[in-house]
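**Student:** missing the sequence, but the structure's below:
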């Protein structure tokens, strides 16, 4: 069964940290670039970060640069999103998906995506 499953979300205070995981199964994970996206209430979906399949190069949205780090473990078929210095405006549903990378931009390729997980930053 092909799937991407997110975990690690929850409630955290401003300034805190969370690490999201995106576990893949059912396809050749190492062949795919993976991205994280988020959607906050009343806002459009935003690409947060992505990591390539080839050399592990990464891209970040300006809103998270310097605070979030994306990484991948091709043995565990998992992509991670380490989120530090979290702000209330980071509150959203986060999901991972396979992506196409176009220079400095990335977008879901429509092949595989997860159901999403809630991250809430609040005191």
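**Tutor:** Good, I have the coordinates. Computed from a prediction, not measured in an experiment: that's the story for all the values here.
**Student:** for residue 18, which non-adjacent residue is closest in space?
**Tutor:** Setting aside the residues directly before and after it, residue 18 is nearest to residue 83 in space (C-beta to C-beta, 6 or more residues apart in numbering), at 5.0 Å. Where you see a C-beta, it was placed from the backbone N, CA and C, and this is true even at glycine.
**Student:** for residue 46, that is, sorry about that
**Tutor:** residue 38 (5.5 Å).
**Student:** tell me how many other residues crowd the one you found.
**Tutor:** 23 (other C-beta atoms under 10 Å).
**Student:** do residue 45 as well
**Tutor:** 13.
**Student:** identify the residues contacting the residue nearest to it when sequence neighbours are not counted.
**Tutor:** Using C-beta to C-beta, 6+ apart and skipping residues adjacent in sequence, the residue nearest residue 45 is residue 39, 4.6 Å away. Taking C-beta atoms under 8 Å, 6 or more residues apart in numbering as the criterion, residue 39 is in contact with 45, 46, 92, 93, 116.
**Student:** for the spatially most central residue of the chain, helix, strand, or coil?
**Tutor:** When C-alpha atoms, centre = their mean is applied to the chain, the residue found nearest the centroid is residue 36 (2.4 Å). Counting by DSSP: H, G, I helix; E, B strand; the rest coil, the backbone at residue 36 sits in strand.
**Student:** contact partners for it?
**Tutor:** So residue 36 contacts 20, 22, 47, 48, 49, 50, 70, 79, 81, 94, 95, 96 (C-beta under 8 Å, 6+ apart).
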